[in-house]
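*Asks:* kindly return the folded structure for what I paste below:
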Amino acid sequence: MESIWKSTVTIPKREALKNDITSEAVVIGAGMAGILTAYLLKEQGVHVVVLEADLIASGQTGNTTAKITSQHGIIYDRLLSQFGKKKAALYAMAHEAAIAEYERIIRQKQIRCHFERLPAYLYSTKQRERLKEEARAAETIGLPAAYLDVTELPIESAGAVRFDRQAQFHPLEFIRDLSDDLEIFERTKVLSVKENRVHTDKGDVEAEHIVIASHYPIINIPGLYFARMHQERSYVVAYENVPKLGGMYYGIDEGSLSLRSYENILLAGGGSHRTGQNEEGGKYDAIRQKAAQYFPAGKEIANWSAQDCMPHDGMAYIGSYSVLRPYWYVETGYQKWGMTSAMLSAMIVRDQICGLENPYEKVFTPQRLHPVTAAGGFMQDMAVSVKELSKGLFAPVDQEGKVLRCPHMGCRLYWNEDEQSFDCPCHGSRFDKDGRLIDDPAQTDLTKR
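*Replies:* Residues are numbered from 1 along each chain as shown. So this is what the prediction gives:
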């Protein structure tokens, strides 16, 4: 099914690229990150074009829960211990600045997108001390956070951490208005990038600056992002006939729900797993069971899923794509916090292209080195990749003749029962039951024997 965002908003379609063109900057990807980057660059007087393989906001942006927060799960206690107070505070203030920038743009352009400031909560049914530690860490670095014993939820919790003045909105109402005055080419698939030239199936774009905002980077070398993160899927079920919540909620226990309201609709999310590891399904049903327990009068009206890039050290990659390509820029690795991170990416990349100072760019630079922090995630991802690459050499063929091998790098594909798709556990590419490409980084459909 479609998300409630996609079912309630229509974004005017754009034409495809018709010939070779030149521009100061080109952005690959017309999701939230790409559109925000183009908009902020245009504000600075930069001529920028956006290339989109499908339609504006047709990817992950249309499937988000659309929370805009600096509250990113249990993170600040870890950041303090691993990186120290200065870097942890910069991480926090960067995302607070992103929330404020959304508010600035929405007010300036008078965009009606259900934007509202309200608190965001972490909650648990059993981990009281962990919540208290997170609250102390957040307060230490200047965030508007506090520990509470109870919440409005009909859940017997051990406590919660409240972050004040966070935000939520309707992402497609926002992106529809923001993209109005931008030069965007839809149905224009990028095939490769060579130096300052972007090759597409409709023509070439030559630019001084190239921003790769395609959710997962489509270029393997340089950058090696396929070895620096993996992808995870999560699921959302929407309900009517549930009282509106006064805040946003994120459960830290295994199997707990993420909750927020949109008008008279409740969004209940959960079921996160590594892409390619859901052969038996049941993720939607697990959400339904918990929601029925907490909100028995709720009536399901929609369900959908999303995909997130998970970097090994838990921080997004924003900035120069590689030291070998200083005029390429990357925006990826947002984990579960895509809306806030998309704005932060746009702010940092805008400043780098325009030669402006940005206090947060060093924290998120893709050239950072966190060997101890990233080692565990790297080893786990490498183990999966080696295993699935070897299986890919002898990948089976389905009854219609499709070889269940990912065309990205050759890993074995697995069936996702919940979504009726073939998914890659190595790097997250996905294909529908007929073998058509759904999600990057693969660039082609499945082949037949």
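
*Asks:* do you have the helices of the stretch 1-150 of the chain handy? List them.
*Replies:* For the stretch 1-150 of the chain, applying DSSP state H, counting those that start in this stretch gives helices covering 4-8, 32-43, 76-83, 85-109, 128-140.

*Asks:* out of those, nearest to Ser320?
*Replies:* For Ser320, the closest of the helices of the stretch 1-150 of the chain is helix 32-43, at 14.3 Å, according to CB to CB. Quick note: C-beta positions are derived from backbone N, CA and C, even for glycine.

*Asks:* please identify the most buried of the helices of the stretch 1-150 of the chain.
*Replies:* helix 32-43 (a mean of 25; mean count of other CB atoms under 10 Å).

*Asks:* quick check: mean pLDDT of that helix?
*Replies:* Mean per-residue pLDDT for helix 32-43: 98.

*Asks:* now stretch 84-103
*Replies:* Here stretch 84-103 scores 96 as its mean pLDDT.

*Asks:* going forward, begin numbering at 110 instead of 1
*Replies:* Will do, 110 is the new start, and the previous item becomes stretch 193-212.

*Asks:* can you tell me, leaving aside adjacent residues, what's nearest to the residue nearest in space to the middle of the chain?
*Replies:* Per CA atoms, centre = their mean, the C-alpha nearest to the average position across the chain is that of Gly447, at 3.7 Å. Leaving aside its chain neighbours, Gly447 sits nearest to Thr173 (5.7 Å; criterion: CB to CB, 6 or more residues apart in numbering).

*Asks:* who touches the one you found in this structure?
*Replies:* Applying CB atoms under 8 Å, 6 or more residues apart in numbering to Thr173 gives the contacts 114, 141, 280, 415, 447-448.

*Asks:* again, only this time at 6 Å
*Replies:* For Thr173, the contact set (CB atoms under 6 Å, 6 or more residues apart in numbering) comprises 280, 447-448.

*Asks:* got it, and Met456?
*Replies:* Taking CB under 6 Å, 6+ apart as the definition, Met456 has no contacts.

*Asks:* that one - that's part of a strand, no?
*Replies:* No. Using DSSP: H, G, I helix; E, B strand; the rest coil, the secondary structure at Met456 is helix, not a strand.

*Asks:* roughly how far does it sit from Ala203?
*Replies:* Here Met456 is placed at a distance of 8 Å from Ala203 (CB to CB, to the nearest Å).

*Asks:* and if you look at Leu252?
*Replies:* Separation of Leu252 from Ala203 (CB to CB): 12 Å.

*Asks:* what of Ile547?
*Replies:* From Ile547 over to Ala203 the distance is 31 Å, taken as CB to CB.

*Asks:* how much space between Ser190 and Thr249?
*Replies:* From Ser190 to Thr249 the distance is 11 Å (CB to CB).

*Asks:* cool, Arg514 as well?
*Replies:* Noted for Arg514: a distance of 49 Å to Thr249, by CB to CB.

*Asks:* equivalent analysis for Arg123, please.
*Replies:* Arg123 is 47 Å from Thr249, by CB to CB.

*Asks:* for the protein, which residues score under the pLDDT cut-off?
*Replies:* 479-487, 490, 495, 498, 501-503, 558 (pLDDT under 70).

*Asks:* and Ser429, what does it touch?
*Replies:* Residues counted as contacts of Ser429 (CB under 6 Å, 6+ apart) are Pro435.

*Asks:* how about Ile177?
*Replies:* Shown in contact with Ile177 (CB under 6 Å, 6+ apart): 208, 211, 276, 448-449.

*Asks:* what residues are bridge-paired with it?
*Replies:* Ile177 has these beta-bridge partners by DSSP bridges: Ala276.

*Asks:* Leu522 against Leu513, yeah?
*Replies:* Yes. Using CB atoms under 6 Å, Leu522 makes contact with Leu513 at a distance of 4.3 Å.

*Asks:* looking at those two, which is more packed in?
*Replies:* A count of neighbours by other CB atoms under 10 Å puts Leu522 above the other of Leu522 and Leu513, at 30 against 20.

*Asks:* before we move on, the earlier item: just put the helices of the stretch 110-259 of the chain in CSV and tack on distance to Leu227.
*Replies:* Listed next are these as CSV, based on distance: least, CB to CB, whole Å:
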stretch, distance to Leu227
helix 113-117, 18
helix 141-152, 20
helix 185-192, 20
helix 194-218, 11
helix 237-249, 17
